[in-house]
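Novice: sequence plus the predicted model coming up.
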Amino acid sequence: MSLEPPSEIRSVNDISPEAYQRIYDFLQGAVYCWCKNQEDEFGLRDLMGGKNFFWARTPLIAIWNKHKALGLTDDDALTAAAIDGGWILKRVIDDDRRTFTHRIEGQVRKYKWTGDDGDVEA
C-alpha cells in the first residue's frame, strides 16, 4: 500500500471495465507527470487543469456520461463524476509503488509524493 496513512478505497461501478482501465491509465500518467514536474501536493482537480476542467476528449467523460444517463443535471453530473474520478485516482495512487501522503482540504483529497520510489532500482 502506498498511501500513508492507509485509507479506505471505494469501487466505481456502472462503467465498462474498458472505460475504467482507460481512466485508470490516464490518471496514472497524469500522476507520473505531476510527480516528475511538480513538488507540491495535488488532487484530481489539479491533474485535470483546475476547478473548471473540461472532461471531453479525456477518458473521464465516461463517468460524466454515466451520471448524465441517470438523469442528473450537468452540474450535478459533474459533481458526481468528480467524486467517482477521485475514487479512481485514490486507487491509482494506492496501487503505485511509490509512497504518497494524503490529507483532506474541504471536500478535496490532496496527495503528495514522499520521494520514496518503492525500492525500485534506477
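Specialist: Cool, got the structure.
Novice: so where's the protein uncertain?
Specialist: Where the chain drops to pLDDT under 70, the residues are 1, 50-53, 118-122.
Novice: cutoff 90 now
Specialist: For the chain, the stretches flagged by pLDDT under 90 are 1-9, 39, 45, 48-57, 74-75, 78-79, 105-108, 115-122.
Novice: what's the burial count for Ile88?
Specialist: Other residues lying near Ile88 total 24 when counted by other CB atoms under 10 Å. Every C-beta, even on glycine, is put in place using the N, C-alpha and C of the backbone.
Novice: count of neighbours near Glu8?
Specialist: Quick note: Glu8 (other CB under 10 Å) scores 7 neighbours.
Novice: distance of it relative to Lys90?
Specialist: 9 Å (CB to CB, to the nearest Å).
Novice: can you map out the strands along the chain?
Specialist: 3-4, 100-105, 108-113 (DSSP state E).
Novice: can I get those strands in CSV with mean neighbour count and distance to Thr79?
Specialist: Listed next are the strands of the chain as CSV, based on neighbours: other CB atoms under 10 Å; distance: least, CB to CB, whole Å:
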stretch, mean neighbour count, distance to Thr79
strand 3-4, 16, 24
strand 100-105, 14, 17
strand 108-113, 19, 12
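Novice: in contact with the residue lying closest to Ser16 once chain neighbours are set aside, which residues?
Specialist: With sequence-adjacent residues excluded and distances taken as CB to CB, 6 or more residues apart in numbering, Ser16 is closest to Ala62, at 7.6 Å. Counting by CB atoms under 8 Å, 6 or more residues apart in numbering, Ala62 touches 15-16, 19, 22-23.
Novice: make it 7 Å
Specialist: 15, 19, 23 (CB atoms under 7 Å, 6 or more residues apart in numbering).
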